[in-house]
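mind looking at a prediction? Sequence and model below.
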Amino acid sequence: MTKLLIPALAVGMLALVPVRADDTPLAEQMEILNDSYKAFRRTDDAAEGAKLAREAQAAVVKAFAMTPEFVEKGGHPGGKEVAMAAYRKQTAQLLVTLCEIEEAFVAKDMDKVQELIGPLRDAKKTGHDEFMEED
């Protein structure tokens, strides 16, 4: 009986874990993007870097159609339409940059890869500042 009770209690406890605000489909895509970014930023393997850039691109394509929770709640000062136009523009620009990074990896131009990767940190900060609620 004890063998059955412990797993049942464990499963029951999982149901009590609150859903975090960042556990959204958009946050999941951004996590994939972030993981890919961290990995391709450090790799010297051009084929691996190109693969990681494509993974990041796929996450960005999925995120493009999503609405940030902050915007959905009406938190953006410009309103939802203005915010979504800006969000889609920034997301599209990110996709272009990720495609350029993939091209640089394919060409084995690691200097170009690093040149393109550099501004991504600032782009992340800009996007988060505009489309995420402050903690």
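Here it is on my side, so go on.

go ahead and flag the most central residue of the protein.
M30 (1.6 Å; C-alpha atoms, centre = their mean).

work out for me the element that one sits within.
Taking DSSP states H and E as the criterion, M30 maps to helix 25-42.

elements contacting that helix?
For helix 25-42, the packing partners by 3 or more C-beta pairs under 8 Å, 6 or more residues apart in numbering; DSSP states H and E come out as helix 46-64, helix 110-117. C-beta here means a position set from N, CA and C on the backbone, and glycine is covered the same way.

show me what counts as buried in it.
For helix 25-42, burial by neighbour count (16 or more other C-beta atoms under 10 Å) applies to 26-27, 29-30, 32-33, 36-37, 39-41.

one step back: most packed of the helices and strands packed on helix 25-42?
Highest mean neighbour count among these (mean count of other C-beta atoms under 10 Å): helix 46-64, with a mean of 19.

does anything pack onto that helix? Which helices or strands?
The elements that helix 46-64 packs onto, with contact taken as 3+ C-beta pairs under 8 Å, 6+ apart, are helix 25-42, helix 80-106.

which residues of the protein score low on pLDDT?
Regions of the chain meeting the criterion pLDDT under 70 cover residues 1-22, 135.

try 50
Within the chain, the stretches with pLDDT under 50 are 1-21.

one step back: could I get the helices and strands packed on helix 46-64 as TSV with distance to E55?
Below are the helices and strands packed on helix 46-64 laid out as TSV (distance: least, C-beta to C-beta, whole Å):
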stretch	distance to E55
helix 25-42	4
helix 80-106	10
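
who wins for proximity to P119 among those?
With C-beta to C-beta, the closest approach to P119 among those belongs to helix 80-106: 7.6 Å.

and that closest one with helix 25-42, angle?
For the pair helix 80-106 and helix 25-42, the angle between their directions (axes from the mean of the first three to the mean of the last three C-alpha atoms, to 10 degrees) equals 30 degrees.
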